[in-house]
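Novice: pasting the sequence and the predicted coordinates here, then a few questions.
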Amino acid sequence: MAPKGRARRTRPPRISTTASSPPAIKPRKPRKPPSNPKNLETSAVSLPSTLPPLGAEPPPAKTGHVCSTPKARRFRIPATETCPPAPKKQRPASKNACFRRKHIAFFSHPDIELFFNMAFPRFKLEAITDLQEKKGRSYKEDDNKGTEEPKVNIGKPRATLRIWNEEEANTSQSFCCYPQYDPTESRTFSSSVTRHWCSSALLGNPSSQGFVQLGSGLRGPMAASLGAAYTVVQNDPKLRIHRFNGLKLSGSVVLSRQLNVLYDSSASGKSAVRAVSTPVKPEIAAEAKRSKVEIIKEQSNFIRYPLNEELLTDAPNINESATQIIKFHGSYQQYNRDDRGVRNYSFMIRTKNPFGNVPNQLYLAMDELADQFGTGTLRLTTRQTFQLHGILKKNLKTVMSTVIENMGSTLGACGDLNRNVLAPAAPFTTKDYVFAQQTAENIAALLTPQSGFYFDMWVNGEKVILDDPPEVVKAQNDNSHGTNFPDSPEPIYGTQFLPRKFKIAVTVPTDNSVDIFTNDVGVVVISDDNGEPQGFNLYVGGGMGRTHRLESTFPRLSTPLGYVPKDDILYAIKAIVVTQRDNGRRDDRKYSRMKYLVDSWGIDKFTSVVEQSYGKKFEPIRELPEWEFKSYLGWQKQGDGYWFYGLHVDNGRIGGKMKKTLREVIEKYNLNVRLTPNQNLILCNIRSVWKRPITKALAQGGFLEPRYVDTLNITAMACPAFPLCPLAITEAERGIPDILKRVRAVFEKVGLKYTESVVIRVTGCPNGCARPYMAELGLVGDGPNSYQMWLGGTPNQTTLARTFMDKVKVQGLEQIFEPLFYYWKRKRQAKESFGSFTNRVGFEKLKVWVDNWDDGVLKTRAQYNLKLFADKETYEAMEELAILQNKSAHQLAMEVVRSFVSSQQNGKGMLVKNDSTLTMA
């Protein structure tokens with residue numbers, strides 16, 4: 001027995017949708033109407049036995065009485081004389097079920113034609129009932145944003161709508177107070193919180209007022225979208241709502257059933273049109289789930305709101321929605337995680353520099369901004385850009401506008417759109433390098449947002465940058481294959497932009513300085529025998545990010561797509577982007593990168609879909625020579641009479657004396673700068689007579705010449721991680737210097753030469769900003785002071801590493817390093833890299849070696865070197881002396897030889913033998 005005053009939930013009986021007689025109504029217990037009803041607007045509609053012709057005078061209204069059902073009591077629903085009281089001993093239907101499953105949106109208007117072609121930008125709020133308030137429904141009027149959707153789920157929408165006529169009266173169902181509908185009874189109620197106007201001209205009576213009821217369970221803007229999406233044919237006695245296929249909206253409703261017309265006898269002589277929901281299976285697909293970020297983007301007015309309001313507040317931070325929106329402008333909100341207690345918020349901004357190109361004016365501006373508003377350091381990223389950290393919210397607009405006014409931009413450096421386009425940074429003047437860099441610039445321009453939100457936000461709408469090349473504008477506007485949103489401020493991106501970030505790299509054959517296979521799209525210039533560029537190889541589906549302990553997320557190398565002529569490259573890139581835009585997952589951001597789309601579809605299906613947007617078939621991929629990593633360090637000729645100088649920058653961090661010296665050199669000689677994907681820096685257009693003073697000045701500022709830089713450091717990379725990155729799990733940039741020193745010490749311990757190296761990359765989380773999954777030895781943070789170890793990458797960045805061990809504590813790294821490097825030295829093949837060695841031997845054997853390793857290098861049988869020792873007696877004497885000094889005979893012999901050579905060059909000194917050692921007299 002249900003408690004008093006509370007209706008027990010009951011499942012509404014199934015309703016037949018055939019043309020047979022309607023099912024019997026379950027008896028209901030009559031209830032007395034309330035003595036003091038609320039003042040609510042009501043509507044009454046009756047169903048005549050036959051339909052009068054269009055344009056005829058409606059029948060007179062009948063005297064009604066108050067319906068006695070629980071729903072009617074709440075809404076004060078009048079009914080006609082033909083409405084019989086509910087049978088006695090009838091348990092009332094559940095109020096929740098009645099409301100949640102039978103909500104009807106109510107619209108009316110005296111004189112507007114073609115109601116179903118109207119778009120409803122705003123809603124007017126009326127008749128919020130107690131029931132709605134108790135259910136937590138919340139609406140508010142806003143002239144700019146329209147009416148917000150209800151904050152509770154009132155059930156799945158009923159999508160099949162019909163207007164009644166005589167022929168279909170037996171099969172139609174009305175949802176007001178009964179879970180079933182008897183054709184002899186007609187009750188409706190104004191439970192809608194939205195009101196619009198429609199045309200009574202649909203009935204051929206322009207002077208009358210009409211009512212249209214739409215949608216069971218349709219909410220807020222969804223109900224309006226439904227009304228705006230369909231057209232009523234005026235001259236057909238059975239008015240039809242046409243199918244609308246113009247937009248691909250999640251949750252959009254398709255109506256294909258006939259609309260039937262009736263008159264409202266209770267509307268004081270005015271005609272009425274009513275569309276009543278029917279409890280048949282909806283002819284729609286389930287509403288697609290969307291992530292929270294997708295909703296934020298949709299409501300942002302093309303990446304403006306609510307950032308434009310949050311920047312005006314006095315708070316040091318911005319809210320969650322604005323935090324997502326500001327990424328598209330090239331900035332992240334951060335706080336110092338080393339501080340305890342109150343969070344000290346600041347912002348990082350990242351520039352966008354295709355192929356790492358930094359004009360002299362921009363570099364000097366960035367240097368000054370770092371001192372004035374940042375932390376005093378410049379950071380070079382793994383995607384050829386600058387990052388400034390520590391910018392306060394109140395200084396954001398000043399910093400952003402300064403970057404823009406000095407030939408720079410941060411637009412698209414972060415967010416769900418195309419990021420910075422990589423290309424070899426070396427300023428060679430050969431045709432292939434120049435063409436690759438020009439292509440990178442054109443692709444970046446093609447995929448730059450067009451709606452102007454960036455300039456509206458930071459420079460008051462003034463567009464400072466130069467106009468795009470004609471070929472870029474032509475490709476942007478081309479819609480011959482349905483790639484654009486017509487009449488949209490963002491013809492390529494639309495309101496939703498891309499499902500996730502999108503990365504592109506361009507390069508030339510053999511030059512893999514850009515990690516070409518780690519990008520969503522890799523573009524390789526193909527030239528003829530004369531060096532003239534002819535077209536491009538395309539590779540798709542690369543990406544580094546993953547999630548720990550979730551095997552369905554993974555790093556992936558790109559797959560060959562095909563070859564395109566050079567004039568078609570922009571159209572091919574656009575087709576790939578559109579394919580990801582329309583098909584990439586938007587429900588779960590862990591799987592939103594294009595690599596998951598390529599992996600799930602397969603390359604054949606992906607190619608077929610891209611070709612539909614491209615309009616052509618891809619040609620077979622062209623064969624390429626072997627790839628190699630190029631750092632471009634040191635002095636090299638550009639090819640036009642000038643030189644460039646590549647500087648190694650540990651972890652891309654420039655600060656202190658180095659930063660000051662570098663600014664002086666760049667400013668004095670008016671040099672342009674290029675940033676490399678390996679976090680290094682290139683000074684360009686240097687005259688021969690400047691080489692010596694520049695080298696000297698930089699050496700005094702702390703920059704080592706490349707020949708003096710440890711080979712481990714040259715190829716190593718790390719992400720910033722602590723203290724500012726909110727995703728970091730452990731150290732990366734601050735921890736890698738010590739890790740590299742410890743690796744070098746292990747090298748010396750096992751006897752590896754100083755010139756030998758291993759590609760080491762460290763990240764503080766699994767997102768892979770420093771591309772650790774391509775390293776020969778990758779360390780990925782998986783806990784405090786703990787790393788997941790990846791092995792198997794190759795020096796030329798063409799092989800994906802694999803997980804070797806989890807939860808390796810930073811204090812115990814040597815226990816893993818020593819056996820690995822020791823057996824690499826002993827068992828490798830000629831010129832075999834460490835990564836290739838680990839792949840050939842296999843991880844199972846490597847783990848056996850690690851598990852059986854006794855602390856320290858295994859002692860091996862002594863051998864003497866005939867090149868140093870002419871006879872065995874000399875070797876044994878040298879070995880006896882070496883043991884006293886805890887050295888090998890070979891090491892001691894080399895020291896003796898070096899000392900002897902040095903003494904002969906100086907013309908003095910001689911070797912003296914005593915009981916314990918050899919010394920210089």
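Specialist: Happy to help now that I have it.
Novice: right, and the helix or strand after the helix or strand containing Tyr363?
Specialist: Under the criterion of DSSP states H and E, Tyr363 resides in helix 360-372. Counting by DSSP H and E, the element after helix 360-372 in chain order, helix or strand, is strand 378-380.
Novice: name the helices or strands packed onto that next one?
Specialist: Applying 3 or more CB pairs under 8 Å, 6 or more residues apart in numbering; DSSP states H and E, one finds that strand 378-380 makes contact with helix 360-372, strand 386-391, strand 653-654. No exception for glycine: its C-beta is placed from N, CA and C like everyone else's.
Novice: got the angle between the helix holding Tyr363 and strand 386-391?
Specialist: Here helix 360-372 points in a direction 30 degrees away from that of strand 386-391 (axes from the mean of the first three to the mean of the last three CA atoms, to 10 degrees).
Novice: mind listing what's buried along helix 360-372?
Specialist: By 16 or more other CB atoms under 10 Å, the buried positions in helix 360-372 come out as Asn360, Leu362, Tyr363, Leu364, Ala365, Met366, Asp367, Leu369, Ala370.
Novice: what sits against the last one?
Specialist: For Ala370, the contacting residues are Gly376, Thr377, Leu378, Leu388, Lys659, taking CB atoms under 8 Å, 6 or more residues apart in numbering as the criterion.
Novice: the fourth one too?
Specialist: Residues counted as contacts of Leu364 (CB under 8 Å, 6+ apart) are Asn406, Arg663, Ile666, Glu667.
Novice: name only those of the residues you listed that count as buried.
Specialist: Asn406, Arg663, Ile666.
Novice: okay, now Tyr593: neighbour count?
Specialist: Heads up, residue 593 is Arg, not Tyr. Arg593 has 27 neighbours, counted by other CB atoms under 10 Å.
Novice: could you measure it against Met348, distance?
Specialist: Note on Arg593: its distance to Met348, by CB to CB, to the nearest Å, is 22 Å.
Novice: for Arg500, same thing?
Specialist: Applying CB to CB to Arg500 and Met348 gives a distance of 20 Å.
Novice: those two: who's more crowded?
Specialist: Neighbours per residue (other CB under 10 Å) separate Arg500 from Met348, with Arg500 holding more: 25 against 21.
Novice: the more buried one - that's part of a strand, no?
Specialist: No: counting by DSSP: H, G, I helix; E, B strand; the rest coil, one finds Arg500 to be coil, located in no strand.
Novice: touching, it and Gly584? I think so.
Specialist: Yes: between Arg500 and Gly584 there is a contact under CB atoms under 8 Å: 6.9 Å.
Novice: overlap in contacts, those two.
Specialist: Overlap of the contact sets of Arg500 and Gly584 (by CB under 8 Å, 6+ apart) consists of Ser592, Arg593, Met594.
Novice: which of the residues you listed sits closest to Val421?
Specialist: Using CB to CB, Met594 is the member of these that sits closest to Val421, with 15.4 Å.
Novice: now do the contacts for Leu446.
Specialist: Leu446 sits next to Asp468, Val472, Ala475, Gln476, Leu570, Ile573, Lys574 when contact means CB under 8 Å, 6+ apart.
Novice: repeat the analysis, applying 10 Å as the threshold.
Specialist: Applying CB atoms under 10 Å, 6 or more residues apart in numbering to Leu446 gives the contacts 418, 421, 468-469, 471-473, 475-476, 492, 569-571, 573-574, 577.
Novice: pretty sure Tyr332 sits in a helix.
Specialist: No: assessed by three-state DSSP, Tyr332 does not belong to a helix; its assignment is strand.
Novice: okay, the helix holding Tyr363 in PDB with CA atoms only?
Specialist: Backbone C-alpha positions of helix 360-372 (Å, rounded to 0.1, in the frame of the first residue of the first chain) are rendered in PDB as follows:
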ATOM      1  CA  ASN A 360      63.800  39.400 -35.200                       C
ATOM      2  CA  GLN A 361      61.100  41.700 -33.900                       C
ATOM      3  CA  LEU A 362      59.000  38.900 -32.500                       C
ATOM      4  CA  TYR A 363      61.900  37.300 -30.600                       C
ATOM      5  CA  LEU A 364      62.900  40.600 -29.000                       C
ATOM      6  CA  ALA A 365      59.200  41.200 -28.000                       C
ATOM      7  CA  MET A 366      59.000  37.700 -26.400                       C
ATOM      8  CA  ASP A 367      62.200  38.200 -24.500                       C
ATOM      9  CA  GLU A 368      60.900  41.400 -23.100                       C
ATOM     10  CA  LEU A 369      57.500  40.000 -22.200                       C
ATOM     11  CA  ALA A 370      59.200  37.100 -20.300                       C
ATOM     12  CA  ASP A 371      61.000  39.600 -18.100                       C
ATOM     13  CA  GLN A 372      58.200  42.000 -17.600                       C
END
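Novice: any weak-confidence spans in the stretch 701-850 of the chain?
Specialist: Applying pLDDT under 70 to the stretch 701-850 of the chain flags no residue at all.
Novice: the chain now?
Specialist: Short version for the chain, where the test is pLDDT under 70: 1-286, 465, 855-871, 886, 898, 901-921.
Novice: same thing but at 90, please
Specialist: Along the chain, segments meeting pLDDT under 90 span 1-288, 340-342, 461-467, 854-921.
Novice: sorry, back to before: could you flag which of the contacts of Leu446 are buried?
Specialist: 418, 421, 468, 472, 475-476, 492, 569-571, 573-574, 577.
Novice: only the buried residues of stretch 332-342, if you could.
Specialist: So for stretch 332-342, counting by 16+ other CB under 10 Å, buried means Tyr332, Gln333, Gln334, Tyr335.
Novice: likewise stretch 694-701?
Specialist: Using 16+ other CB under 10 Å as the test for burial, stretch 694-701 gives Ile694, Ala697, Leu698, Gly701.
Novice: pull out the buried residues from the strand or helix carrying Lys847.
Specialist: Assessed by DSSP H and E, Lys847 sits inside helix 843-851. For helix 843-851, a neighbour-count test (16+ other CB under 10 Å) marks Leu846, Val850 as buried.
Novice: which residues are in contact with it?
Specialist: 791-792, 802-805, 815-820, 822-824, 827, 837-838, 841-842.
Novice: please repeat the previous calculation with a cut-off of 6 Å.
Specialist: Helix 843-851 has contacts (CB atoms under 6 Å, 6 or more residues apart in numbering) with Phe804, Ile816, Pro819, Tyr823.
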